[in-house]
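Undergrad: starting from these lines, generate the structure:
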Amino acid sequence: MKRLTAIAMSAAILLGAATFARGADGRTPPTDADYERHVAALKKQLPSDEFHIVMARPFVVVGDESPEVVRRRAKNTVLWAVERLKKDFFTKDPDDIIDVWLFKDKESYEEHCEQLFGAKPHTPFGFYSSRHKALIMNISTGGGTLVHEIVHPFMAANFPECPSWFNEGLASLYEQCGDNEGRIWGYTNWRLAGLQRAVDNRTVPPFERLCGTTTRQFYDEDRGTNYAQARYLCHYLQEKGLLVDYYQEFRRSVDDDPTGYKTLVRVLGEEDMTAFQKEWEGYVNELRFP
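TA: You can find the predicted model right below:
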């Protein structure tokens, strides 16, 4: 397995060509001319000549490292992740052209967030802004957050009904990831320690409760446990060869099962979810990071 440890991007070069078809909602995806107009407008917004643009469809990558580094990040992280996510999960590209801003360090990230997007960043790593149609990253912290955030616009385009717990669980799975026979594969990461403490303290909620959280509950009640529990449920499903099946089955049955819990029980083939949770908690405690 090849581990992914960093991100990449650069100057106006087409790195990835994509074949677009009319989406299921009838909306026509961006054309070559749309991308050309978008890049021309984007060039006028660049804060300085230190910034370089690289096409990585369906994204446009902008970074203030050297052109070679920006180009490498675009190819080795953005396109790498897009290819593998689409192989297993997503058939449809985001409807809009999305910019990926890669700022070289903390100072650049904080200064340009405020300059370009009108607010200081709320996280030291990076975030996705649907309002600005942009992924905004402090790339010096590594590529994990970028891959995480790439999942969100794809999920919005392919599974808009997806609840926050699974959206964030899948995205978080790929914060630490690599290649497994041509497919994206999540590894253990820093979220494990907090989850193991919660398991030991018997404070991990039942899966039915996790799946039933509203968006506000998932984020507002989280102290690391919601993200970690969702991530390591996805990790378990991945290791058992069930993650892609779960995603596809959940999409098909979301009208009847909006939380995904009934689908989870069905895909796991479990009759006693209390017993399964004990098994899963044992699995979690056997994992190691680093």
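Undergrad: mind listing the helices for the stretch 51-200 of the chain?
TA: Counting by DSSP state H, counting those that start in this stretch, the stretch 51-200 of the chain has helices at residues 67-73, 80-88, 106-117, 144-158, 164-173, 191-200.
Undergrad: among the ones you listed, which comes closest to residue 259?
TA: Residue 259 lies closest to helix 164-173 among the helices of the stretch 51-200 of the chain, at 8.2 Å (C-beta to C-beta). The way it works is simple: take the backbone N, C-alpha and C, and place the C-beta from them, glycine included.
Undergrad: what lies in contact with the closest one?
TA: The contact list for helix 164-173 (C-beta atoms under 8 Å, 6 or more residues apart in numbering) reads 89, 148-149, 151-152, 155, 186, 191, 210-211, 213-215, 218-219, 226-231, 233-235, 238, 247, 250, 260.
Undergrad: pull the distance from that helix to the chain's centre.
TA: Relative to the chain's own centre, helix 164-173 is displaced by 8 Å; criterion: C-alpha atoms, centre = their mean, to the nearest Å.
Undergrad: now it - C-alpha only, PDB.
TA: Extracted in PDB, the C-alpha atoms of helix 164-173 (Å, rounded to 0.1, in the frame of the first residue of the first chain):
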ATOM      1  CA  SER A 164     -23.800  14.600   8.800                       C
ATOM      2  CA  TRP A 165     -22.600  11.600  10.700                       C
ATOM      3  CA  PHE A 166     -21.800   9.600   7.600                       C
ATOM      4  CA  ASN A 167     -20.700  12.600   5.600                       C
ATOM      5  CA  GLU A 168     -18.100  13.400   8.200                       C
ATOM      6  CA  GLY A 169     -17.300   9.800   9.000                       C
ATOM      7  CA  LEU A 170     -16.400   9.000   5.400                       C
ATOM      8  CA  ALA A 171     -14.500  12.300   5.000                       C
ATOM      9  CA  SER A 172     -12.600  11.700   8.300                       C
ATOM     10  CA  LEU A 173     -11.700   8.200   7.200                       C
END
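Undergrad: rounded mean pLDDT for it, please.
TA: What helix 164-173 shows for mean pLDDT is 98.
Undergrad: got the buried residues for that helix?
TA: Neighbour counts over helix 164-173 (16 or more other C-beta atoms under 10 Å) mark 164, 165, 166, 167, 168, 169, 170, 171, 172, 173 as buried.
Undergrad: same question for stretch 276-290.
TA: Going by 16+ other C-beta under 10 Å, stretch 276-290 has these buried residues: 276, 277, 280, 281, 284.
Undergrad: got the phi/psi numbers for the third one?
TA: The phi/psi pair for residue 280 (degrees, to the nearest 10) reads phi -60, psi -40.
Undergrad: quick revisit: ok, the buried residues of stretch 276-290 vs residue 269, which is closest?
TA: Among the buried residues of stretch 276-290, and counting by C-beta to C-beta, the member closest to residue 269 is residue 276, at 9.7 Å.
Undergrad: before we move on, back to that, looking at the buried residues of helix 164-173, which is nearest residue 134?
TA: The closest of these, once distances to residue 134 are taken by C-beta to C-beta, is residue 171, at 16.3 Å.
Undergrad: distance of residue 230 from residue 167?
TA: Applying C-beta to C-beta, to the nearest Å, the value for residue 230 to residue 167 is 9 Å.
Undergrad: same question, residue 55
TA: On the measure of C-beta to C-beta, residue 55 and residue 167 end up 26 Å apart.
Undergrad: repeat for residue 239
TA: 20 Å.
Undergrad: next: residue 211.
TA: 12 Å.
Undergrad: could you find the closest non-adjacent residue to residue 288?
TA: residue 188 (6.6 Å; C-beta to C-beta, 6 or more residues apart in numbering).
Undergrad: could you tell me how many residues sit around the one you found?
TA: 16 (other C-beta atoms under 10 Å).
Undergrad: break this protein into its domains for me.
TA: 2-158, 166-286 (automatic domain parsing).
Undergrad: ok so, going back, quick one, what contacts the residue nearest to residue 288?
TA: Here residue 188 is in contact with 176, 235, 287, 288, 289, 290 (C-beta under 8 Å, 6+ apart).
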